[in-house]
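K.L.:
curious how this folds, go ahead:
(2 chains)
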Protein chains: 2
Amino acid sequence: MRNNQGRDAEGLEGAKRGENAANAFGWDEIKRGAEEILVEKELLEKLSLNKPLRIKAGFDPSAPDIHLGHTVLLNKLRQFQLHNHVILFLIGDFTGMIGDPTGKNITRPALSVEEVKKNAETYQEQVFKILDPTKTEILFNSSWLSELGTKGMIELAGKYTVARMLEREDFSTRFKNNQSIAIHEFLYPLLQGFDSVHLRSDVEIGGTDQKFNLLVGRELQKHYGQKPQVVMTFPLLEGLDGVNKMSKSLGNYVGISDSPKDMFGKLMSISDELMWRYFELLSFKPTAEIAGLKESAKKGMNPRDIKYLLAEELITRFHSQKEALMAKEAFIAQFQRHELPTDIPVVALSSPAPGMALSKLLKQAGLTPSSSEAIRLIKAGAVLVDGERVEDIQRLIEIGPTHLIQVGKRRFARIKLEKS
Amino acid sequence: MRNNQGRDAEGLEGAKRGENAANAFGWDEIKRGAEEILVEKELLEKLSLNKPLRIKAGFDPSAPDIHLGHTVLLNKLRQFQLHNHVILFLIGDFTGMIGDPTGKNITRPALSVEEVKKNAETYQEQVFKILDPTKTEILFNSSWLSELGTKGMIELAGKYTVARMLEREDFSTRFKNNQSIAIHEFLYPLLQGFDSVHLRSDVEIGGTDQKFNLLVGRELQKHYGQKPQVVMTFPLLEGLDGVNKMSKSLGNYVGISDSPKDMFGKLMSISDELMWRYFELLSFKPTAEIAGLKESAKKGMNPRDIKYLLAEELITRFHSQKEALMAKEAFIAQFQRHELPTDIPVVALSSPAPGMALSKLLKQAGLTPSSSEAIRLIKAGAVLVDGERVEDIQRLIEIGPTHLIQVGKRRFARIKLEKS
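P.N.:
Numbering: from 1, shown residues only, chains lettered A, B, ... in the order given. Below you'll find the model as predicted:
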């Protein structure tokens, strides 16, 4: 379900509100949140042509569960759509089907055609919660990269030099440290760049970690006689821990298909500082409105109540306003209207097994003096995990996500269990 | 026409003559002339299995006119054939059909399928003057390299590292000097190596300049679970100038399809020092016989007469013994039984045009004091070019080959005209 309200507030009305020529084609909104724009002047020129641009963004086919981290780019694509540009939603299935030819990385098996197809369907279901399907082309690069053939691959490799490829930061670091770089790693950025040539993209957006690769696309387009794409990079969203990049494998994520209740619990568990970061990169609220909230926080507004606004907005986007309100009420009820303290400690524990029994966890986290005391309290119904009462002493707490644990009325901890 | 006499002398009889186990499978002959054998012990093991080995050699499809420089390897292949091994005569048409993808090297245009086919036919006509067609497989690598596809090319590139590729001498030099290396240049050695994988070659022979590439084949075979090929490198034959590698573009070559007369003239024009090099790399005479000739030269035998033996042997190989003797007689008659002095100077001239009129050339080379004197002498029939009287004062001497010019009875020069 798409949030048409958000679209109106920020999109069409934003364009109407534009006070100068640039804002008439959404300049301020389109720039918002970008880490870098290469080259900004070119983007302004392209936008000022007032015709639909081709906006490319590439996505990994091996992780079809989209989380809020991915939506930073999806939100940006949506903004382009609001100004009638065409979105080239590129699923990089070609390299995904190759896996790791060095055989070193066993965690990166080659995907079958069927797996890619299935992942793609899951992708589409999810991205159309944010994007307008009528202005989105879902594309698979295998369809043209397979056709390149040995000959095309060699010709493409002839368009870039070894020295320039070694300018990529991770390559140059590894090269200096005598860490091996397999030659096919030089081919992947070229293939990604060739996607831009094939698609004749006007703009490509990606994470800051993709900057080099996006620029290769720009260079290759010049080689093929095309007007080079503008490259826009965006920050990588931190996960719930506020430290690492949000990722499924780290467990610090909010999936956009998570239940309203899970979303609410997870979003309420983030730190106040991270909350502002999420507002910047995830909220559709105008910048001025967010500045107002910051002002209110300074004047003493409870950060918890501001977090409520963020959680409500995001759950409304991926579910509905009604479900967002129900999740909020359930959350408040579970915490029995007790205020959450603002200084809940974060405790990291490690476990060799994929999970730890709740009673053991309580003791290790120092929330109870002993395991037997933990068992007593669990049985007495005094222990809440993510706002939910748990009375099973054997309940396994899995490795990965951070859980808000409450023991009795006053003892709180955010516990993150890691693999030891 | 094959020289069966040579085969017998060196091949079967050589094997019969073998005094130890190794020589029973031609060890001494097979090693002869090799610059390096990697690894010699492995070659001995493979040969001692007493079954046909697969001997690979790659040839460039863009130069179908085989000259004596190419025959260094062909002679070696022939020796392997004499011991019943199978020759994989590989025409590297795949990369030839790509040309230069950087667009910098305009002298390397892509060959069409038709051109490759035509060149290959010319190749076969020529190589079967040396090789036994019943033990030779003529192969085109396009037939399997095209099938690799984008995916196969990437997987192949995953089997080798950037650092190892940069160990190739020309790459490391260019890298250090900030001269650009296009990425496709890293792919060519891998494709060449993949040829060995595809062909399951036991031995690959090539010029010393190919050592790195041949070793890549060895490495890749290990990756693909094959017993690695033995690499044998052979010196690059110097051209008639005794300095540069023999090559058609430098004009310092003897083509194996050259007429008996041309061959004789060209071979008689080489220096005495180069003559011994040619004996080593081109003659099928046993090493002991060549050592005997050197001994005779020391004792005063005229080097010209030893050069006759070399010319006769090679013309017999590519034409017939009768034609060799006729060429020799004609050569002697043209020089009117005058002895060639042993200290003929070599004169290099340069010309912007593709040739120079003989009269002008004589003056520039200092063989006549003036052009008018040159014209007079030419008209008087006193000027020989490569042993042939020339009476046309406008006769153009072309850029490239070295010509033996005689003016009157005593003035001689070897003149090489170069493009200025």
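
K.L.:
now whichever residue of the stretch 301-420 of chain A sits closest to chain B: how far from A:K159?
P.N.:
Per CB to the nearest CB, A:K419 is where the stretch 301-420 of chain A lies closest to chain B, at 28.5 Å. All C-beta spots, glycine's among them, are computed from the backbone N, C-alpha and C. Using CB to CB, to the nearest Å, A:K419 is found at 43 Å from A:K159.

K.L.:
before we move on, what about A:A330?
P.N.:
A:A330 sits 57 Å away from A:K159, going by CB to CB.

K.L.:
how about A:Q192?
P.N.:
13 Å.

K.L.:
neighbour count: those two, which is higher?
P.N.:
Neighbours of A:Q192 and A:K159, each counted by other CB atoms under 10 Å in any protein chain shown, are more numerous for A:Q192; the result is 25 against 22.

K.L.:
show me the contacts for that one.
P.N.:
Applying CB atoms under 8 Å, 6 or more residues apart in numbering or on different chains to A:Q192 gives the contacts A:58, A:92, A:213, A:216-217.

K.L.:
so which of those wins on neighbours?
P.N.:
Using other CB under 10 Å as the neighbour test, the contacts of A:Q192 are led by A:G217, with 26 neighbours.

K.L.:
for it, grab phi and psi.
P.N.:
A:G217 has phi and psi values of phi -60, psi -40 when expressed as degrees, to the nearest 10.

K.L.:
same question for A:Y253.
P.N.:
Torsion angles, degrees, to the nearest 10, at A:Y253: phi -120, psi 160.

K.L.:
neighbours around it, how many?
P.N.:
24.

K.L.:
just the pLDDT for A:L314.
P.N.:
The model reports A:L314 with a pLDDT of 96.

K.L.:
how about A:D258?
P.N.:
On pLDDT, A:D258 comes in at 92.

K.L.:
give me every residue that touches it.
P.N.:
Shown in contact with A:D258 (CB under 8 Å, 6+ apart): A:K266.

K.L.:
ok, it to chain B distance?
P.N.:
36 Å (CB to the nearest CB, to the nearest Å).

K.L.:
what do you get for A:D60?
P.N.:
A:D60 is 17 Å from chain B, by CB to the nearest CB.

K.L.:
okay, now the unreliable bits of chain A?
P.N.:
For chain A, the stretches with pLDDT under 70 are A:1-24, A:63-64, A:99-109, A:335-339, A:341-342.

K.L.:
longest strand in it, please.
P.N.:
strand A:411-419 (DSSP state E).

K.L.:
up against chain B, what does the stretch 151-300 of chain A have?
P.N.:
Listed as neighbours of chain B in the stretch 151-300 of chain A under the rule CB under 8 Å from any CB of the partner chain: A:151-163, A:165-166, A:175, A:178, A:180-188, A:190-191.

K.L.:
just the buried residues of the residues you listed.
P.N.:
Buried residues within these, counting neighbours by 16 or more other CB atoms under 10 Å in any protein chain shown: A:151-162, A:165-166, A:175, A:181-188, A:190-191.

K.L.:
which of these fall within helices?
P.N.:
A:151-157, A:162, A:165, A:175, A:184-188, A:190-191 (DSSP state H).

K.L.:
A:S269 is in contact with A:Y278, correct?
P.N.:
No. Checked against CB atoms under 8 Å, the pair A:Y278 and A:S269 is beyond contact range at 12.0 Å.

K.L.:
how about the strands in chain A?
P.N.:
A:36-38, A:54-59, A:86-91, A:136-140, A:203-207, A:230-234, A:346-351, A:355-357, A:383-385, A:388-389, A:396-398, A:402-407, A:411-419.

K.L.:
what's near enough to touch A:T136?
P.N.:
A:T136 neighbours (CB under 8 Å, 6+ apart): A:77, A:81, A:86-87, A:89, A:127-128.

K.L.:
of all the residues you listed, which comes closest to chain B?
P.N.:
A:F89 (21.9 Å).

K.L.:
what's opposite the closest one in the beta bridge?
P.N.:
For A:F89, the beta-bridge partners under DSSP bridges are A:A57, A:I138.

K.L.:
thought it was touching A:K135?
P.N.:
No. Assessed by CB under 8 Å, A:F89 is found out of contact with A:K135, at 10.3 Å.

K.L.:
between those two, which one's more packed in?
P.N.:
Under the criterion of other CB under 10 Å, the comparison of A:F89 against A:K135 puts A:F89 first, with 23 against 17.

K.L.:
now do the contacts for that one.
P.N.:
A:57, A:59, A:77, A:127, A:131, A:136-139.

K.L.:
show the buried residues in those.
P.N.:
Looks like the contacts of A:F89 have A:57, A:59, A:77, A:127, A:131, A:136, A:138-139 buried, using 16+ other CB under 10 Å.

K.L.:
quick one: the residue nearest to the spatial centre of chain A from chain B, how far?
P.N.:
The centre of chain A sits closest to A:G69, judged by CA atoms, centre = their mean, with a distance of 1.0 Å. In this view, A:G69 and chain B are 28 Å apart by CB to the nearest CB.

K.L.:
would you agree that residue is in contact with A:M246?
P.N.:
Yes. Counting by CB under 8 Å, A:M246 is a contact partner of A:G69 at 3.5 Å.

K.L.:
what touches both of the two?
P.N.:
With CB under 8 Å, 6+ apart as the test, A:G69 and A:M246 both reach A:236-237, A:239, A:253.

K.L.:
which of the residues you listed fall within helices?
P.N.:
Counting by DSSP H, the shared contacts of A:G69 and A:M246 place none of their members in helices.

K.L.:
contacting residues for A:G242?
P.N.:
Counted by CB under 8 Å, 6+ apart, A:G242 has contacts A:270-271, A:273-274.

K.L.:
now those residues: which count as buried?
P.N.:
By 16+ other CB under 10 Å, the contacts of A:G242 give A:270-271, A:274 as buried.

K.L.:
which among the residues you listed gets closest to chain B?
P.N.:
Checking these one by one against chain B (CB to the nearest CB), the nearest turns out to be A:L274, at 38.5 Å.
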